[in-house]
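Enquirer: everything below, folded, please.
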Amino acid sequence: MNATKGILIGLGVLILLGLFGAIGFYNSMVSMEESLISMDAQVKNMYERRTDIVPQVAAVVKKYAEYEKGTLEGVVKLREASGNLDTLQKLSSEGKVTSADYSNLLASTMATLKVTMEAYPQLKADTQFTNLYTTLEGSENRIRVEIKNYNDAVASYNLSIRSFPYGKLLSGIFGFSAKERINPPEGKEIKAVPDVDKLLDIGNTK
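Expert: The predicted structure is shown next:
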């Protein structure tokens, strides 16, 4: 009788431990899911921030492309950058701010603007342009940081789902499934600068 009672007590303890473990697993997964939702929203916020800045940069670039016609040898490239910025705004309106085309065009355009800014003091001295450029460049870095943070959190979340015993046994029961990582479309760094002379075609002065 005592042996049976001991077995029952032991089974009860195991059931309670399993129940507490399951509750802990569930609460932990819910907490991680909420964190992932917040991180995903932050990534989207960073993309929106970048989208908001591009038209401001475009306005300043257009101003210089018109105002400095007789001064900047690279005004053709400045106009080209202005056209690229218009294209970026069009892609933004189509909801393509996370596409590879958008990111590659932005990186190329920013590289052109950086070279032009470095080559011509009158453009570099414009505080508005410099601040906007720096802000946009900073946005690119923040996007990468936020994507890394999200992907790191996804790795931890997926690891919990794959873990034994609770992850393997309870994930499906509680409706938890593996999350996809974000693959950032940025193929180039904004800081990558092409050859200055070739880009601005220095030597063919007006």
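Enquirer: all contacts plus neighbour counts: C-alpha atoms, from now on.
Expert: OK.
Enquirer: helix or strand with the lowest mean pLDDT in this structure?
Expert: Using mean pLDDT, DSSP states H and E, helix 196-200 stands out as the lowest-scoring helix or strand of the chain, at a mean of 39.
Enquirer: run through this protein and note the low-pLDDT ranges.
Expert: Residues of the chain meeting the criterion pLDDT under 70: 1, 64-77, 120-126, 185-206.
Enquirer: which strands and helices sit next to the top helix by length along it?
Expert: For the chain, the helix that runs over the most residues, judged by DSSP state H, is helix 2-67. Packing contacts for helix 2-67, counted by 3 or more Cα pairs under 8 Å, 6 or more residues apart in numbering; DSSP states H and E, involve helix 75-93, helix 127-162, helix 166-174.
Enquirer: list the buried ones in the shortest one?
Expert: So the one you mean is helix 166-174. Taking 16 or more other Cα atoms under 10 Å as the neighbour-count basis, helix 166-174 is seen to contain the buried residues 166, 167, 170, 171.
Enquirer: angle of it against helix 2-67?
Expert: Using axes from the mean of the first three to the mean of the last three Cα atoms, to 10 degrees, the direction of helix 166-174 lies 80 degrees away from that of helix 2-67.
Enquirer: what of the longest one?
Expert: Put simply, helix 127-162 runs at 160 degrees to helix 2-67, going by the same axes, to 10 degrees.
Enquirer: distance between helix 127-162 and the chain's centre?
Expert: In terms of Cα atoms, centre = their mean, to the nearest Å, the gap separating the centre of helix 127-162 from the centre of its chain is 4 Å.
Enquirer: out of the helices and strands packed on helix 2-67, which comes closest to residue 40?
Expert: Proximity to residue 40 (Cα to Cα) singles out helix 127-162 among the helices and strands packed on helix 2-67, at 6.7 Å.
Enquirer: related to what we said a few turns ago, reformat the helices and strands packed on helix 2-67 as JSON lines; add distance to residue 48.
Expert: Formatted as JSON lines, these follow (distance: least, Cα to Cα, whole Å):
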{"stretch": "helix 75-93", "distance to residue 48": "9"}
{"stretch": "helix 127-162", "distance to residue 48": "10"}
{"stretch": "helix 166-174", "distance to residue 48": "34"}
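Enquirer: out of those helices, which comes closest to residue 36?
Expert: Ranking those by their distance to residue 36 (criterion: Cα to Cα) puts helix 127-162 first, at 6.6 Å.
Enquirer: and the closest one, which residues are buried?
Expert: Within helix 127-162, the residues that qualify as buried by neighbour count (16+ other Cα under 10 Å) are 129-130, 132-133, 135-137, 139-140, 142-143, 146-151, 153-155, 157-158, 160-162.
Enquirer: just give the nearest non-adjacent residue to the most centrally placed residue in the chain, would you?
Expert: For the chain, the residue nearest the mean C-alpha position is residue 143 (2.8 Å; Cα atoms, centre = their mean). With Cα to Cα, 6 or more residues apart in numbering as the measure, residue 46 is the residue that lies nearest to residue 143, at 5.7 Å, once sequence neighbours are left out.
Enquirer: rewinding a little: ok, the residue nearest to the centre of the chain touching residue 47?
Expert: Yes: between residue 143 and residue 47 a contact is recorded at 6.9 Å, counting by Cα atoms under 8 Å.
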